[in-house]
Structures are given as structure tokens and as C-alpha cells.
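In: My questions concern the predicted model and sequence given below.
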Number of protein chains: 4
Amino acid sequence: MAAATTPIGRHTWVIAEGYIPPDDGPRDRRFASHETACVLNCGERDAQLRLTLYFADREPVGPYRLTVPARRTCHLRFNDLTDPEPVPHDSDYASVIESDVPVVVQHTRLDSRREALALLSTMAYPAQ
Amino acid sequence: MAAATTPIGRHTWVIAEGYIPPDDGPRDRRFASHETACVLNCGERDAQLRLTLYFADREPVGPYRLTVPARRTCHLRFNDLTDPEPVPHDSDYASVIESDVPVVVQHTRLDSRREALALLSTMAYPAQ
Amino acid sequence: MAAATTPIGRHTWVIAEGYIPPDDGPRDRRFASHETACVLNCGERDAQLRLTLYFADREPVGPYRLTVPARRTCHLRFNDLTDPEPVPHDSDYASVIESDVPVVVQHTRLDSRREALALLSTMAYPAQ
Amino acid sequence: MAAATTPIGRHTWVIAEGYIPPDDGPRDRRFASHETACVLNCGERDAQLRLTLYFADREPVGPYRLTVPARRTCHLRFNDLTDPEPVPHDSDYASVIESDVPVVVQHTRLDSRREALALLSTMAYPAQ
């Protein structure tokens, strides 16, 4: 029924922009400021992801590991990452996402520091 | 007169990010929160589209079917999809759009949950 | 002095999403709702552009003609187009931009219908 | 530990859209209106960058020079550029970023002219 049974996408994606505002927003999870990497795995095999974070003034951290099941999407909040360590707030970072099967990655941020919401989104850079 | 008489674009496009806010916004259709896939078919043949939706925790749904006539654009609101089933609100999803002729797809969201509007837009990922 | 003396970019660009809000915003040009196609010509020859607009329910309109001089950028407001006809407000459209020399095109919208500004931007789709 | 030890990205990137709002926003650096080029160098060699700015009505300015160390990201604020000259506010511009090693560039703007924040982001155009 689902049309796309062959894998679609790339193995390596880059998000050069990353920033989680300081944690002073609303408590409602839907409105809390957050950064998201939206990953779609429309293939028939589970995707094993390795996420590496890069910073302005220290060595990269990672890999963070994540599985996106076959025929599923995962809207990964960077705020939720804990292992090997949480992502610092109010600090610039960038990320590289590597997958063992082709996936598609889109980057979104919701900023709720002010009463009004601000949104951004862009496709990640498909490296390989 | 129109310059582009040869088809432009790709046959398969991916939008990895999808989210329709809960239905508590204004009643005016122009200001209601919505997700849109903007499709341009600048070729001379009608485009038959198949849209498949992917979710975080259940099997894909689709295909939704849609025709974009030759030399026309269609700003498809995911909120308006009904067959085979409506798109759930307040739930993460992703979409794959397949066309029998080349088209171009751009993704846009208007979020009007707060008094201020928030907008995002990005080109979909051109898979094939 | 300027580094990029060889032409950079493509000859054909597509913006699948277009919408100018109804004309009820502020009178200050900087804050008026507008759609912009930002064109960069970093080559040594002037770029002759042909812009064609596509609609949901009628034949395409164009070409609109525009020159972007060598080593210059032009932030073209769709609101300002008049020949062969103005772009309708509160109506969906899409656009194809063709250039005789390589250029780069980025799409931006400012929506000022509410007190708060909303912004979107994405690279146009590089077709050829 | 970091996965990406081979260089990822391109040598030349274009941001066709550039605009720094007039300097009437908040004094807090985090909330001041700004334009950012987010550069990720995930390779093992420092990246030497040359940035050239293009304008609507005068010759390009540059190169601005910048080093992004190996395995680091740099969120470059155009507002902070001073040599050879500051970037004018309330004026359209575009930029070309050239690097001697592959990098990835993403463009972001925060507009805080109104109480509510407005955000945009898009991957730069990968030219070479």
C-alpha cells in the first residue's frame, strides 16, 4: 500500500546550525523551546543512527545512538539527548547524523522565549 | 509565452517534518494553523500524485491521490486530506510525494496557536 | 579583490510557494508584507532574467523581465512587479526564474498581518 | 570517537539573501537582530575562509578572512564583521563563502524589531 518500499535518502546529513535557547520558557512540552532533527526512514530495514555534536570551543561529543524503525519517522529533540551527555543550552553547536541505511533529515527549531512563537526549518545538508 | 514548456523538477519528494498544531486556532481559514505542500507542475501534462504519510508509531497511510493540472500550481493543505483518512493533529508525521511527471515541491507551515503568526518553509528533499 | 570572478549558480530556479497577504499591513515599506526573490549574480556579465508566474486556476503569466548587473545582488519584491500585470494578493502562485548566465536565487517572505513579524526563507530549487 | 573524520561539505557556498535590520533592537546580544552564517568544519584541518559581500548598487567588498578550526563550528554574525569594513544595516546584500577545505554553511536570521522574535533559516547554496 505504501508506495516507497525502496530506501529513499542519504547516509550522512549535516545541520550546521544548532542552538537551544536558555531554559526559561513555558513548562508545556509542546511550547517549550526546542531543536528537532526530523528523520524519515521509509525503507524496510531499521535505521541505526549515530549523531555527533560539534562545538565552537571544545572537542566533538558522540556518538549518540538512535534507532528509527522501518517505515517510521522520528522527530528527535536535541533537548532530550542525555547519553553521552546533555546538549548545553544557550550554546552554539552543529550536528552530523550518520545512518546505516538511507534516511531523510530535516531541521526545525521552535523558539518560545517570547510570548509569540518563532519557527525555522530547513532540509539538512545531504553529504553522502 | 510561458518560458518553461519542458518539465522541471523530480518525480519523488520527501518532507521529513510534519506537524499540525491542535485545532484551537482562529476560524478564519487564512489564519488557521496549517501545513502545506506547494506543488508546481510547469509541464504540459497533468501530474498524478501519490502521497504517503509516515508516523512515529504506526504503519504508513496512503496513498492519497491528487491531480495537479499542466501549467498549474497546487498549494495542498494537509489539513484538508480525508481519503483514506484525515491527518491527525498534534502528532508528528512525514510525507513522501510521488508524481508521474516532474514537479517541484516546497513545504510551508503557518502556526497561529499564539496571537502572533509563526512561519516556516523549506524545499522538500528531491529524491528521484 | 572579490574572490568569485567565475559565474556561480544555475540558469533555472523554481519557487513552488508564493503568497502575498492581503494589503492591510503597515504603510512603512520595510514592514509591509512582501515576497522576495533574492538573486545574486557574482559573474562578470549582466544577467537577463525571465520570470514566469504559475497559478492554481489560470494560465501562467509572463515573462516578467529583469536585469541583474554583473557583481550585484537584486532583492526582487514580487509586490513590485507590474509588467505584464501585477501579482494578485491573497492568491497562491509559484514562479520559475530563468537567467542567461548562472545566478543563485533564495526565496523570503515577511508576513506583517499581525503586530509580530513572521519570516520564512529557503533556497529556490536549482533546476538547470 | 567522533564519527566524521573525513571532510564533509563543499568549498564554495552562496547566501543570496542578506539583510540586517536597523539597529534599534534590544541591547541584549542574544536578542539583538542579527544575520548568521553557521559554518561546520568537521575535518581534521583548519579551514581558512574568504567571505565576499555583494550589494545592489556598488562593487563587492572583501575578502573578509576567518579561520574555523578543525572539528569546530563557528556561528559567524555578519553584524560583527569589521575588516575591511562593517556590513551596513538596513541594506540588501548577498555573500559568497569560500573555504580551502570542505565545510557546510547554513544561514539564519533573527529579527527582533518587534517584541516578538522572527526566525528564518536555510542551507546555503553549495556551489562547488
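Out: The structure has been received and is ready for your questions.
In: Please enumerate the helices of chain A.
Out: Read by DSSP state H, chain A holds no helices at all.
In: counting contacts, what elements does the lowest-mean-pLDDT helix or strand in it pack onto?
Out: Ranked by mean pLDDT, DSSP states H and E, the weakest helix or strand in chain A is strand A:118-123, scoring a mean of 80. If you count contacts as 3 or more Cβ pairs under 8 Å, 6 or more residues apart in numbering or on different chains; DSSP states H and E, strand A:118-123 packs onto strand A:92-111, strand B:92-111, strand B:118-123, strand D:93-111, strand D:118-123. Using the backbone N, CA and C atoms, a C-beta is placed for each residue, glycine as well.
In: now those as TSV including mean neighbour count?
Out: Below are those laid out as TSV (neighbours: other Cβ atoms under 10 Å in any protein chain shown):
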stretch	mean neighbour count
strand A:92-111	24
strand B:92-111	24
strand B:118-123	27
strand D:93-111	24
strand D:118-123	27
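In: Need these in CSV (columns: distance to residue C:32).
Out: What follows is the helices and strands packed on strand A:118-123, written out as CSV (distance: least, Cβ to Cβ, whole Å):
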stretch, distance to residue C:32
strand A:92-111, 24
strand B:92-111, 19
strand B:118-123, 16
strand D:93-111, 14
strand D:118-123, 15
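In: Show me the one of those strands that comes nearest residue C:64.
Out: strand B:92-111 (18.8 Å; Cβ to Cβ).
In: Under the pLDDT cut-off, which ranges of chain A? List them.
Out: A:1-6, A:23-27, A:114-116 (pLDDT under 70).
In: let's see 90
Out: For chain A, applying pLDDT under 90 flags the ranges A:1-7, A:17-36, A:79, A:89-90, A:108-128.
In: So which residues of it form strands?
Out: Secondary structure of chain A by DSSP state E: the strands cover A:10-19, A:34-41, A:47-55, A:61-68, A:72-77, A:92-111, A:118-123, A:125-126.
In: middle-most residue in chain A, spatially?
Out: By Cα atoms, centre = their mean, the mean C-alpha position of chain A lies nearest to residue A:37, the distance being 2.2 Å.
In: Can you name the residues that contact the residue lying closest to it once chain neighbours are set aside?
Out: Of all residues not flanking residue A:37 in the chain, residue A:76 sits nearest, at 4.7 Å (Cβ to Cβ, 6 or more residues apart in numbering or on different chains). Counting by Cβ atoms under 8 Å, 6 or more residues apart in numbering or on different chains, residue A:76 touches A:36, A:37, A:38, A:39, A:51, A:66.
In: One more: residue A:109?
Out: Contacts of residue A:109 by Cβ under 8 Å, 6+ apart are A:19, A:33, A:34, A:35, A:36, A:119, A:120, A:121, D:119, D:121.
In: can those go into JSON lines with extra columns for distance to residue C:99?
Out: As requested, the contacts of residue A:109 are arranged in JSON lines below (distance: Cβ to Cβ, whole Å):
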{"residue": "A:19", "distance to residue C:99": "35"}
{"residue": "A:33", "distance to residue C:99": "40"}
{"residue": "A:34", "distance to residue C:99": "39"}
{"residue": "A:35", "distance to residue C:99": "36"}
{"residue": "A:36", "distance to residue C:99": "35"}
{"residue": "A:119", "distance to residue C:99": "31"}
{"residue": "A:120", "distance to residue C:99": "28"}
{"residue": "A:121", "distance to residue C:99": "27"}
{"residue": "D:119", "distance to residue C:99": "29"}
{"residue": "D:121", "distance to residue C:99": "25"}
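In: What parts of chain A come near chain B?
Out: A:1-4, A:8-9, A:30-31, A:36, A:38-40, A:42, A:71-75, A:104-106, A:108, A:110, A:115-123, A:126 (Cβ under 8 Å from any Cβ of the partner chain).
In: can I assume the residue nearest to the centre of chain A is in contact with residue A:94?
Out: No. Assessed by Cβ atoms under 8 Å, residue A:37 is found out of contact with residue A:94, at 11.7 Å.
In: Name the residues contacting each of those two.
Out: Contacts common to residue A:37 and residue A:94, judged by Cβ under 8 Å, 6+ apart, are residue A:15.
In: ok, so of the contacts of residue A:76, who is nearest chain C?
Out: Ranked by distance to chain C (Cβ to the nearest Cβ), these are led by residue A:38 at 15.4 Å.
In: contacting residues around the closest one?
Out: Residue A:38 touches A:73-76, A:105-108, B:16-18, B:92, B:94, counting by Cβ under 8 Å, 6+ apart.
In: How much space separates the nearest residue to residue A:49 once chain neighbours are set aside from residue D:40?
Out: Nearest non-adjacent residue to residue A:49, counting by Cβ to Cβ, 6+ apart: residue A:66, 4.4 Å away. The spacing between residue A:66 and residue D:40, counted by Cβ to Cβ, to the nearest Å, is 20 Å.
In: And for residue A:112?
Out: 26 Å.
In: out of everything not next to it in sequence, what's closest to residue A:30?
Out: Nearest one to residue A:30, counting by Cβ to Cβ, 6+ apart, is residue B:90 at 7.4 Å.
In: And for residue A:97?
Out: Leaving out its chain neighbours, residue A:97 is closest to residue A:13 (Cβ to Cβ, 6+ apart), at 4.6 Å.
In: hang on, that neighbour packs against residue A:102?
Out: No. At 10.4 Å, residue A:13 does not count as touching residue A:102 under the criterion of Cβ under 8 Å.
In: Distance-wise, check the residue lying closest to residue A:93 once chain neighbours are set aside relative to chain C.
Out: Of all residues not flanking residue A:93 in the chain, residue A:18 sits nearest, at 4.1 Å (Cβ to Cβ, 6+ apart). Counting by Cβ to the nearest Cβ, to the nearest Å, the gap from residue A:18 to chain C is 18 Å.
In: Could you count how many residues lie near residue A:18?
Out: By other Cβ atoms under 10 Å in any protein chain shown, 24 other residues sit near residue A:18.
In: residues touching it, list them.
Out: Residue A:18 neighbours (Cβ under 8 Å, 6+ apart): A:35, A:53, A:78, A:87, A:92, A:93, A:94, A:95, D:38, D:73.
In: Quick check: the first one vs residue C:122, distance?
Out: The reference is to residue A:35. Residue A:35 is 18 Å from residue C:122, by Cβ to Cβ.
In: Run the chain-centre distance for stretch A:38-53.
Out: Chain-centre distance of stretch A:38-53: 10 Å, with Cα atoms, centre = their mean, to the nearest Å.
In: To clarify, my last question referred to stretch A:18-36.
Out: On Cα atoms, centre = their mean, the centre of stretch A:18-36 falls 14 Å from that of its chain.
In: List the buried residues of it.
Out: A:18, A:19, A:20, A:21, A:25, A:32, A:33, A:34, A:35, A:36 (16 or more other Cβ atoms under 10 Å in any protein chain shown).
In: Okay then, goodbye and thanks.
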